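Engineer: Sequence below, structure please.
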Amino acid sequence: MNVTIRKIGNSEGIIIPKEILDRMGLKAGDALELRETSGNIELVPEQTELREQLEAARRGMKKYHAALRELAK
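Structural biologist: Prediction:
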């Protein structure tokens, strides 16, 4: 399947056809990881578990910012 790179605001992007999104179980707002390998571009769905773990870590770091700063000394 061929797609065209299009101007989107100040960036450029591609439109992923709906049939591909449906087959992959993806929808608007889902995160993808972009990988460049051997001159190819690969889009891989971000693992939900990892995303949730990173978000929990961010919340914890924000909540305990003062304590973490003291521990880092």
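Engineer: what's the least confident helix or strand in this protein, going by average pLDDT?
Structural biologist: Counting by mean pLDDT, DSSP states H and E, the chain has its least confident helix or strand at helix 48-63, which shows a mean of 84.
Engineer: Past it, which element shows up next along the chain?
Structural biologist: Going down the chain from helix 48-63, the next helix or strand is helix 65-71, by DSSP states H and E.
Engineer: what residues does that next one touch?
Structural biologist: Here helix 65-71 makes contact (CB atoms under 8 Å, 6 or more residues apart in numbering) with Met61. C-beta here means a position set from N, CA and C on the backbone, and glycine is covered the same way.
Engineer: Give me the residue at the spatial middle of the chain.
Structural biologist: Centroid check for the chain by CA atoms, centre = their mean gives Ala31 as the closest residue, at 3.6 Å.
Engineer: Run a quick neighbour tally on Ser38.
Structural biologist: Taking other CB atoms under 10 Å as the neighbour definition, Ser38 ends up with a count of 5.
Engineer: Sounds good, over and out.
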